[in-house]
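Undergrad: model this:
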Amino acid sequence: MPQEKEKRAYRSAAWFGKSDRDGFTHRSWMRNQGLPDDAFDGRPVVGICNTWSELTPCNAHFRLIADRVKRGVWEAGGLPLEFPVMSLGESNIRPTAMLYRNLVSMDVEESIRANPIDGVVLLCGCDKTTPSLVMGAASCDVPTIVVSGGPMLNGKFRGQDIGSGTAVWRFEEELKAGTMNLQDLRDAEACMSRSSGHCMTMGTASTMACMVESLGLGLPHNAAIPAVDARRMSLAHSAGRRIVEMVREDLRISRILTREAFENAIRVNGAVGGSTNAVIHLLAIAGRIGINMTLEDWDRLGHEVPTLLDLMPSGRFLMEDFYYAGGLPAIIRRLGERNLVHRDALTVNGKTIWQNCETAPNWNAEVIRPLEKPLVEHGGIAVLRGNLAPDGAVLKPSAASSHLLRHRGRAVAFESIEHYKERIDSPDLNVDESCVLVLKNCGPKGYPGMAEVGNMALPSKLLRRGITDMVRVSDARMSGTAYGTVVLHVCPEAAVGGNLALVQDGDFIELDVENRRLHLDVSEKELAQRRANWQSPERPSNGGYQQLYVEHVMQASQGADLDFLRGCRGHDVPRESH
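TA: Residues are numbered from 1 along each chain as shown. Reported below is the predicted structural model:
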């Protein structure tokens, strides 16, 4: 008989494979969970990184998903060990979940490196849980697979489909305009979020699930299967089996996260009408794995990509419809047929992205449109520059009003989100639909955390006249579920002295999306005089993580990561603990 191939010693053997006192200690304490002898026979140890929390409603079903992953790991001959990290619930955390994205990435990175983990399954759902977990895993470079929690079922309100987030912004406008009352709003609450899962619009959660699949980190259809569909649990089961094989193959995350993978993701983001938040998150992930990715890549790669997915907030349908129509593989197939994706990019199932998608069917040409009839001819993310944003700003054309993509208007400036709330509905506010609303001090350092407040609600007196969109400019972010002609992520931000800080009521601002221009029509001499009189806003020094964040966070154009977290620190086994 041929000799059995020699078993490779995995990283976890440094804990469980030793015959000395240290090995005894590690194994003995683990056995209080009822593990059998052969659990420590040198098999792959798989960490299941779980962001379950009842404070994160999008992820509240993750205990069940984790159980299905474990079944797959056991079946494939691995040892599954679940561990928690801080969970970021976009709907509850203040001042913003984005403030803590980098903290969670540190939690993930150090949890993986400090423990006997050979490979990891990341359970992600709500907006910031996906980038934070991927960032942390990328900094360790172990075999990694992502299982997303899946979107909620379509919202249903009085005979119509409503989308999470997107409906909220519309309802707010209708309430302020007087076309909806408070009881209507209360009735809609239970109708919008009616099952487990994250936003079923193309918000940041759905966008990042699409990014995971297009990067090659998730199995086919990971992005769109509804949370309550049995096929979500089947996918989790399969992921548990596959991660054990990935450990045996030493298929690390660095082999998946190549430049080609990021370029694929940028183009897919344009094709699905993805969130502007994907820009910041992919820049941060690329920085962790050592890929030099910039805003120019987003503009260069995404500009010619047509938006094919007719899904809110850009279009009509929702994620449940997207899955039934064929899901992300159908989108990737259409891009591949036009050579808009790198077909040989490797994915976690060991196949190329083209092998996964080349025969993917499209069951509904209204939801997933043909290339010759896109929702938007030029989708993607527009990167704007000019004296108002020398380091860049972004706008999502598929969610904007076409008549405002070239516009010159008088600025109405707000120094903070509180200043905006104080003034916006005043009948004395000097504003009309041609004005440009400008919001300052809401960037990474200024808020802190760069909250999703950039899609400022319009003044009540304009909403009552039927005005539904205006140009808005800020250093903030906006929810991927939001819509409008909104310029975001202005860099440098106002809090560090960017020209945004110098805008005054009455200044004129020019927006020209086609020519990628964002210009403050004020002379350099006047700007210099204003700068001489400008004072940095006071930021209370509360110590703790918030102080660490403010002192080290980079600008949005660099992914808003902490400067000392960039790069891959690997997974060398730390020294013994006793």
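Undergrad: so what's residue 375 up against?
TA: If a contact means C-beta atoms under 8 Å, 6 or more residues apart in numbering, then residue 375 has 273, 306-310, 314-315, 369, 398 as its contacts. Using the backbone N, CA and C atoms, a C-beta is placed for each residue, glycine as well.
Undergrad: for residue 395, see how far away it is.
TA: Summarising the geometry, the distance separating residue 375 from residue 395, computed by C-beta to C-beta, to the nearest Å, is 17 Å.
Undergrad: and what of residue 559?
TA: To residue 395, residue 559 is 18 Å away according to C-beta to C-beta.
Undergrad: same question for residue 24.
TA: Note on residue 24: its distance to residue 395, by C-beta to C-beta, is 60 Å.
Undergrad: comparing those two, which residue is more hemmed in?
TA: Of the pair residue 24 and residue 395, residue 395 is the one with more neighbours under other C-beta atoms under 10 Å, namely 25 against 11.
Undergrad: just give the closest residue to the more buried one, not the sequence neighbours.
TA: residue 382 (4.7 Å; C-beta to C-beta, 6 or more residues apart in numbering).
Undergrad: quick check on the one you found: phi, psi?
TA: The phi and psi torsions at residue 382 (degrees, to the nearest 10) take the values phi -90, psi 130.
Undergrad: what do you get for residue 472?
TA: Note on residue 472: its backbone torsions stand at phi -130, psi 140 [degrees, to the nearest 10].
Undergrad: neighbours of it, just the number please.
TA: For residue 472, the number of neighbouring residues by other C-beta under 10 Å comes to 25.
Undergrad: wouldn't it be in contact with residue 483 here?
TA: No: the pair residue 472 and residue 483 fails to qualify as a contact (C-beta atoms under 8 Å) at a distance of 11.3 Å.
Undergrad: who touches both of the two?
TA: Taking C-beta under 8 Å, 6+ apart as the criterion, residue 472 and residue 483 both touch residue 455.
Undergrad: and the pLDDT at the nearest residue to residue 408 once chain neighbours are set aside?
TA: Nearest in space to residue 408, with sequence neighbours left out and distances taken as C-beta to C-beta, 6+ apart, is residue 510 at 4.8 Å. In this model, residue 510 is scored at 98, pLDDT.
Undergrad: what does the one 10 residues further on give?
TA: On pLDDT, residue 520 comes in at 98.
Undergrad: ok, it touching residue 393?
TA: No: the pair residue 520 and residue 393 does not pass the contact test of C-beta under 8 Å, sitting 11.8 Å apart.
Undergrad: my read is residue 305 is in a strand, agree?
TA: No: applying DSSP: H, G, I helix; E, B strand; the rest coil, one finds residue 305 to be coil, outside a strand.
Undergrad: give me every residue that touches the closest residue to it other than its chain neighbours.
TA: Spatial nearest neighbour of residue 305, excluding adjacent residues (C-beta to C-beta, 6+ apart): residue 270 at 3.4 Å. Shown in contact with residue 270 (C-beta under 8 Å, 6+ apart): 301-302, 305-307, 379-381.
Undergrad: can you pull out the helices in the stretch 351-500 of the chain?
TA: With DSSP state H, counting those that start in this stretch as the criterion, the stretch 351-500 of the chain has helices at 353-357, 417-423, 460-463.
Undergrad: could you redo those as JSON lines and give each row distance to residue 125, mean pLDDT and mean neighbour count?
TA: Converted to JSON lines, the helices of the stretch 351-500 of the chain look like this (distance: least, C-beta to C-beta, whole Å; pLDDT from 0 to 100; neighbours: other C-beta atoms under 10 Å):
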{"stretch": "helix 353-357", "distance to residue 125": "22", "mean pLDDT": "98", "mean neighbour count": "21"}
{"stretch": "helix 417-423", "distance to residue 125": "27", "mean pLDDT": "97", "mean neighbour count": "15"}
{"stretch": "helix 460-463", "distance to residue 125": "33", "mean pLDDT": "96", "mean neighbour count": "19"}
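Undergrad: looking at those helices, which is nearest to residue 59?
TA: With distances scored as C-beta to C-beta, the stretch of those nearest to residue 59 is helix 353-357 (26.0 Å).
Undergrad: helices and strands around that closest one, which ones?
TA: Counting contacts by 3 or more C-beta pairs under 8 Å, 6 or more residues apart in numbering; DSSP states H and E, the secondary-structure elements packed against helix 353-357 are helix 327-337.
Undergrad: looking at the protein, which helix or strand is least sure?
TA: Taking all helices and strands of the chain together, the one with the lowest average confidence (mean pLDDT, DSSP states H and E) is helix 166-177, at a mean of 89.
Undergrad: in that helix, which residues are buried?
TA: Of the residues in helix 166-177, those buried by neighbour count under the rule 16 or more other C-beta atoms under 10 Å are 166-171, 173, 175-177.
Undergrad: tell me how far the helix or strand following it lies from the chain's centre.
TA: With elements assigned by DSSP states H and E, the helix or strand that comes after helix 166-177 is helix 182-192. Averaging C-alpha coordinates over helix 182-192 and over its chain gives two centres that are 27 Å apart (C-alpha atoms, centre = their mean, to the nearest Å).
Undergrad: quick one: list the elements packing against helix 182-192.
TA: With contacts defined as 3+ C-beta pairs under 8 Å, 6+ apart, the secondary structure elements packing on helix 182-192 are strand 155-157, strand 160-162, helix 166-177.
Undergrad: for the last one, list the C-alpha coordinates in CSV.
TA: Presented in CSV, the C-alpha positions along helix 166-177 are these (Å, rounded to 0.1, in the frame of the first residue of the first chain):
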residue,chain,number,x,y,z
THR,A,166,-34.6,54.3,1.8
ALA,A,167,-38.2,54.4,3.1
VAL,A,168,-37.1,56.1,6.2
TRP,A,169,-35.6,59.1,4.3
ARG,A,170,-38.8,59.3,2.2
PHE,A,171,-41.1,59.1,5.1
GLU,A,172,-39.2,61.9,6.9
GLU,A,173,-39.6,64.1,3.9
GLU,A,174,-43.3,63.3,3.6
LEU,A,175,-43.8,64.0,7.3
LYS,A,176,-42.1,67.4,7.1
ALA,A,177,-44.0,68.1,3.9
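Undergrad: all good on my end, thank you.
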